[in-house]
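K.L.:
coordinates for the following, if possible.
(2 chains)
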Amino acid sequence: MALTQEEIRVLDLLYQDARITPERAAVMLGMTEQAVTEAIRHLEEERVIVGYPALINWDKTPIEKVKAVIEVKVTPQRDRGFDAIAERIYRFDEVTAVYLMSGAYDLMLEVQAATMRTLASFVSQKLATIDGVMSTATHFVLKKYKFEGVILEENHTDNRLAVSP
Amino acid sequence: MNYEKLLNRTVQEIPPSGIRKFFDIVSTMKDAISLGVGEPDFVTPWNICESAIYSIEQGQTHYSSNWGDLNLRREISDYLHARCGIDYNPNNEIIVTVGASEGIDLALRTMLEPGDEVLIPDPSYVSYSPCVHLSGGVPVGIPTSADHGFKLLPEQLKACITPRTKALILPYPNNPTGGIMERADLEALAEVLKDTDILVISDEIYSELTYGGRKHVSFASIPGMFERTVTLNGFSKAFAMTGWRMGYACAPAPIARLMCKIHQFTILCAPVQGQAAAAEALRAGREDNYASVEKMRKVYDQRRRIMLDGFAKMGLPCFEPLGAFYVFPNIAGLNMKSDEFCEKLLREQKVATVPGTAFGASGEGYIRCSYATATDKIIEALRRIELFVRRQRGE
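P.N.:
Residues are numbered from 1 along each chain as shown, chains lettered A, B, ... in the order given. A predicted model of the protein is given here:
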């Protein structure tokens, strides 16, 4: 689909801060409020914007989450290539992301569950038994430093002189 | 000892900075928001910092050439060719300086004889006048106004020229007003200058920060002006490198040679770690078409619009600045002097701004607000200023 320059500028702004109001966005981009609202509506309709989740550092909450990255080697299917098997995999709730990769393996998954045991059983019971999955290699995430361009523990303090020429 | 009698009269007579008072008050305050900062809030991009660290690891801890590292001078030459359309020879027309500030001093000392007059648009950056005095010259302010976008007009320039006029300082994009000079504006000045021997110091430190689709135009790129012009620029504003103190001065070889003589005997060379960082800034910029500069510029532009919108809503007249990172609203309608407004605003609402008078007499009636500050802080500061302004109006 073709996006207008204005729509790209709106995207750029929402990527910095999804909570920005159309009124504020209009001021910052030099557009009318109506044009901003219309651009957002169009971007949502075209599924360019597919959601507005918050970036959360779960490590700072009491909620336990186990995350892993899984490399998967698969046999592609005639006519549908990797798409059919990717679909079989991404429908599981535990799977938060699926990428088709170049190189030593085919699919890379990001998976997440409440406990290590649930995740282990997902891999052995569900994932490894899917037709066409040849092998899996699971890497558990120990600590997250930077996510979606945001450094999680950075405390940015403004140490400039308070007034300067 | 009677220091007053002993020490240099010219230095003693330079008036104290107009911002010192505000700095002192802010330092005692908690939760004050400062719109008084004249430097980027971004930290230097990591690739630039990392190359300075690497240069230390590699043991690059020695003097460079007086002119600066040749590799860096070549990068500067390429950069000025690509971004400003001017060609300086890296061998004898470019000096790497300790910030553009050093360049101001070098240029003035190279040009001035005692009593020579230097024309300076007013308001302008705080260093020009003192540096002219220190070089034995006489600063002559040319008042600029919001009605003409704080541009220097050719008829004004013409009217201020005397037989003693040696040089003109062209500080655009301008700190504190945010005014810029477009090609036609510069061509009109060139028309006035072309039959004179007046030299020009073009301080283009904000050259990368222009908005509204305007591209910066270097004065030296105007036909016939190269021979008389010293171009000053640096890394502070474009690459968020203020603390590195990296700048450069470019001039035709006969001028550059004398400037480098002063530089050689006072500074020897700019710090080499900064030079390594600066070279990386330009190298990376060349490769990704100055993506990091563009990213910062875009954010400044968004904040600029927030500022203009905020002042419009509170009914303070504010000309639309198309350069640097300052807005310069007019507060004269509140029947207060700039200095009084800024001090009261700071004490009552804890927002630091700088009175226009810190930048020259023509700044009376204006305050300088920097948008080189996080967006949410700008929004909160505008809220507080609006409260303050309403109270002054008795609303």
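
K.L.:
what sits up against the lengthiest helix in chain B?
P.N.:
For chain B, the helix with the greatest residue count under DSSP state H is helix B:291-313. Contacts to helix B:291-313, defined as CB atoms under 8 Å, 6 or more residues apart in numbering or on different chains, come from residues A:12-13, A:24, A:27-30, B:40, B:42, B:45, B:208-209, B:211, B:238-240, B:284-285, B:317-318, B:320-321, B:325, B:327, B:329, B:369, B:371-373, B:375, B:378-379, B:382, B:385-386. Quick note: C-beta positions are derived from backbone N, CA and C, even for glycine.

K.L.:
which of the residues you listed are buried? Put it as a ChimeraX command.
P.N.:
ChimeraX command restricting these to the buried ones, with burial defined by 16 or more other CB atoms under 10 Å in any protein chain shown:
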select /A:13,24,27,28,29,30 /B:40,45,208,209,211,238,239,240,284,285,318,321,325,327,329,369,371,372,373,375,378,382,385,386
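
K.L.:
so which of the contacts of helix B:291-313 are in strands?
P.N.:
Those of these mapping onto strands are B:327, B:369, per DSSP state E.

K.L.:
distance of the spatially most central residue of chain A from chain B?
P.N.:
Geometric centre of chain A, nearest residue: A:A97, 6.7 Å, by CA atoms, centre = their mean. The gap separating A:A97 from chain B is 26 Å, by CB to the nearest CB, to the nearest Å.

K.L.:
surely that residue forms part of a helix?
P.N.:
No. Using DSSP: H, G, I helix; E, B strand; the rest coil, the assignment for A:A97 is strand, not a helix.

K.L.:
contacts only, for it.
P.N.:
A:109-110 are the contacts of A:A97 under CB under 8 Å, 6+ apart.

K.L.:
pLDDT value on it, please?
P.N.:
For A:A97, the pLDDT comes out at 97.

K.L.:
in chain A, which spans are helices?
P.N.:
A:5-16, A:22-29, A:33-45, A:83-90, A:116-121.

K.L.:
what's the most buried one of those?
P.N.:
helix A:22-29 (a mean of 20; mean count of other CB atoms under 10 Å in any protein chain shown).

K.L.:
what number of residues lie near the closest residue to chain A within the stretch 101-250 of chain B?
P.N.:
Relative to chain A, the nearest point of the stretch 101-250 of chain B is B:V126 (4.5 Å; CB to the nearest CB). By the other CB atoms under 10 Å in any protein chain shown criterion, the neighbourhood of B:V126 contains 20 residues.

K.L.:
ok, A:R78 next?
P.N.:
A:R78: 6 neighbours (other CB under 10 Å).

K.L.:
gap between it and chain B?
P.N.:
42 Å.

K.L.:
do A:E153 as well
P.N.:
Distance of A:E153 to chain B, given as CB to the nearest CB: 16 Å.

K.L.:
once you drop chain neighbours, what's closest to that residue?
P.N.:
Sequence neighbours aside, A:Y145 is the residue nearest to A:E153 in space, at 7.5 Å (criterion: CB to CB, 6 or more residues apart in numbering or on different chains).

K.L.:
residues from chain B in reach of chain A?
P.N.:
Counting by CB under 8 Å from any CB of the partner chain, the residues of chain B close to chain A are B:17, B:19, B:22-23, B:26-27, B:32, B:34, B:36-39, B:41, B:43, B:125-127, B:175, B:298, B:302-303, B:305-306, B:309, B:352, B:354, B:358, B:373-374.

K.L.:
quickly list the domain ranges of chain B.
P.N.:
Annotated domains of chain B cover B:3-44+B:292-392, B:46-288 [automatic domain parsing].

K.L.:
and the end-to-end length of the first one?
P.N.:
Pointing back at domain B:3-44+B:292-392 there. By CA to CA, to the nearest Å, the extent of domain B:3-44+B:292-392 from end to end equals 45 Å.

K.L.:
ok, now the longest one?
P.N.:
Start and end residues of domain B:46-288 are separated by 15 Å (CA to CA).

K.L.:
next: stretch A:119-129.
P.N.:
End-to-end distance of stretch A:119-129 (CA to CA): 14 Å.

K.L.:
got a list of contacts for it?
P.N.:
Counting by CB under 8 Å, 6+ apart, A:66, A:68, A:70, A:72, A:89, A:92, A:94, A:109, A:111-113, A:133, A:136, A:138 sit against stretch A:119-129.

K.L.:
what residues does chain A have near chain B?
P.N.:
Counting by CB under 8 Å from any CB, chain A sits next to chain B at A:12-13, A:24, A:27-30, A:156, A:158, A:160-165.

K.L.:
return the member of these nearest to B:R390.
P.N.:
Checking these against B:R390 by CB to CB gives A:V27 as the nearest, at 20.3 Å.

K.L.:
how about the nearest residue to that closest one, chain neighbours excluded?
P.N.:
B:D309 (4.4 Å).

K.L.:
what's the end-to-end length of stretch A:16-30?
P.N.:
Terminal residues of stretch A:16-30 are spaced 17 Å apart (CA to CA).

K.L.:
over to stretch B:22-41?
P.N.:
End-to-end distance of stretch B:22-41: 19 Å, with CA to CA as the criterion.

K.L.:
got a list of contacts for it?
P.N.:
Contacts of stretch B:22-41 (CB under 8 Å, 6+ apart): A:158, A:160-165, B:19, B:175, B:236-237, B:240, B:242, B:296, B:325, B:342-343, B:346-347, B:350-354, B:368-374, B:377-378, B:380-381, B:384.

K.L.:
again, but for stretch B:104-119
P.N.:
By CB under 8 Å, 6+ apart, stretch B:104-119 touches B:95, B:97, B:127-128, B:131-132, B:134-140, B:142, B:157, B:160-162, B:164-169, B:198-199, B:201, B:203, B:230, B:232, B:249, B:251, B:255, B:258-259, B:262-263.

K.L.:
how far off centre is that stretch?
P.N.:
Stretch B:104-119 has its C-alpha centroid displaced from the chain centroid by 18 Å (CA atoms, centre = their mean, to the nearest Å).

K.L.:
strands along chain B, start to end?
P.N.:
For chain B, the strands defined by DSSP E occupy B:33-34, B:94-98, B:117-122, B:138-143, B:165-170, B:199-203, B:229-234, B:246-250, B:326-327, B:351-352, B:354-355, B:367-370.

K.L.:
now those as JSON lines including mean pLDDT?
P.N.:
Shown next, in JSON lines, are the strands of chain B (pLDDT from 0 to 100):
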{"stretch": "strand B:33-34", "mean pLDDT": "96"}
{"stretch": "strand B:94-98", "mean pLDDT": "98"}
{"stretch": "strand B:117-122", "mean pLDDT": "98"}
{"stretch": "strand B:138-143", "mean pLDDT": "98"}
{"stretch": "strand B:165-170", "mean pLDDT": "98"}
{"stretch": "strand B:199-203", "mean pLDDT": "98"}
{"stretch": "strand B:229-234", "mean pLDDT": "98"}
{"stretch": "strand B:246-250", "mean pLDDT": "98"}
{"stretch": "strand B:326-327", "mean pLDDT": "98"}
{"stretch": "strand B:351-352", "mean pLDDT": "97"}
{"stretch": "strand B:354-355", "mean pLDDT": "97"}
{"stretch": "strand B:367-370", "mean pLDDT": "98"}
